[in-house]
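J.: got a predicted structure plus its sequence, pasted below:
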Amino acid sequence: MSSLAVPTTKPVKDRSANGPVSSFFELMKLKMVFHILITTFVGFYVGSKVEVNLTLLWHTLAGTGILAIGAFALNQAIEKEYDKLMERTRLRPVPTGRVGRNAAIVFGCLCFVGGTAYLWMAVNALTAILGAATLILYAAVYTPMKRLSSLNTLVGAIPGALPPLMGWTAVQDSLGLGGLILASILFFWQLPHFLALALMYKDDYRLGGFKMLSVTDPTGEACFRQILTQTLTLILVSLFPFVFRLAGWWYLAIALLGGGYFMLAAWSLARRRDRPAARALFFTSLAYLPAILLAMAWDKTILFV
């Protein structure tokens, strides 16, 4: 039996004594919001022709951030009872009662309306529509689907892929090949990233009743196969910015180097099938994404846009 079958939860910092203000900040998941805004910034920067419109950039990041905060608040409100069952999530502000479920729902809905309206007025309609779709897909489709089907990871990758596209449309006011390429990279990156996380916490997800692939496939064969397949697909898609002249040779070198290291980590997990290998792949994915996105921004080809 794989060592992944052993309960593998890590100690969670006890925040039960946090006050209402700090609990609300915890509800917002600002670290994850920051990561989302990095991808939005790259889409904005790569889509800009020469000079970056700093005012428009600020409006784009602010509206996107508000929507991301709202999506996380609604997700936690919906999953309150299930989060209580998992070691990793039981001390979140909603399951502990530090933030009421109704308060989280109202807050999330206000963020949805406010963030969408803000983007519509300060950026453009297309970016606002994409932002609204991101929140709806995450909170209303992906979140309940986690208890219904292992395809939830595939569905959840869609809203995760939209923020860089929103950055692109904020500048271009159209989808465009460049924006779609950025979204594709984010989409395929999320699959091995979240499958590695699902393997790390498979026992926790089982306790919560979530239909993650690591839970529905006890042998792990499908999970390891998908990780290898999707990592290879990601590497191929990561070459598109160079092929379609969105970025230059330096980007290509970094994409190949990073992709090769990513594949080695995925292959190591498929061979070893233990939690340390899953953890190594997870953190490799965290380093890989900002590396290639920043490389793309640094080495972007002005002629493309």
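T.: Yep, it's here.
J.: look up phi and psi at residue 84.
T.: Backbone geometry at residue 84, expressed as degrees, to the nearest 10, gives phi -60, psi -20.
J.: contacting residues for it?
T.: Shown in contact with residue 84 (CB atoms under 8 Å, 6 or more residues apart in numbering): 90, 95. C-beta coordinates here come from the backbone N, C-alpha and C atoms, glycine included.
J.: with adjacent residues omitted, what lies nearest to residue 137?
T.: residue 159 (4.2 Å; CB to CB, 6 or more residues apart in numbering).
J.: my guess is that neighbour is in a helix, correct?
T.: Yes - under DSSP: H, G, I helix; E, B strand; the rest coil, residue 159 sits within a helix.
J.: what's the pLDDT at it?
T.: In this model, residue 159 is scored at 94, pLDDT.
J.: give the contact list for it.
T.: 71, 133, 134, 135, 137, 138, 142.
J.: widest-spaced pair of those?
T.: Farthest pair in the contacts of residue 159 (CB to CB) is 133 and 142. Separation: 12.0 Å.
J.: of those two, which one has the most company?
T.: Between residue 133 and residue 142, counting by other CB atoms under 10 Å, residue 142 is the more crowded of the two (21 against 16).
J.: which SSE is the nearest residue to that one once chain neighbours are set aside in?
T.: Counting by CB to CB, 6+ apart, residue 156 is the residue found nearest to residue 142 once chain neighbours are left out, at 4.0 Å. Using DSSP states H and E, residue 156 maps to helix 152-172.
J.: just the angle between the helix or strand harbouring residue 177 and helix 152-172, please?
T.: Assigned by DSSP H and E, residue 177 falls within helix 176-200. Put simply, helix 176-200 runs at 150 degrees to helix 152-172, going by axes from the mean of the first three to the mean of the last three CA atoms, to 10 degrees.
J.: what comes up buried for helix 176-200?
T.: Residues of helix 176-200 classed as buried: 176, 178-179, 181-200 (neighbour count, 16 or more other CB atoms under 10 Å).
J.: what do you get for stretch 129-147?
T.: The neighbour-count check on stretch 129-147 (16+ other CB under 10 Å) flags 130-139, 142-143, 145-146 as buried.
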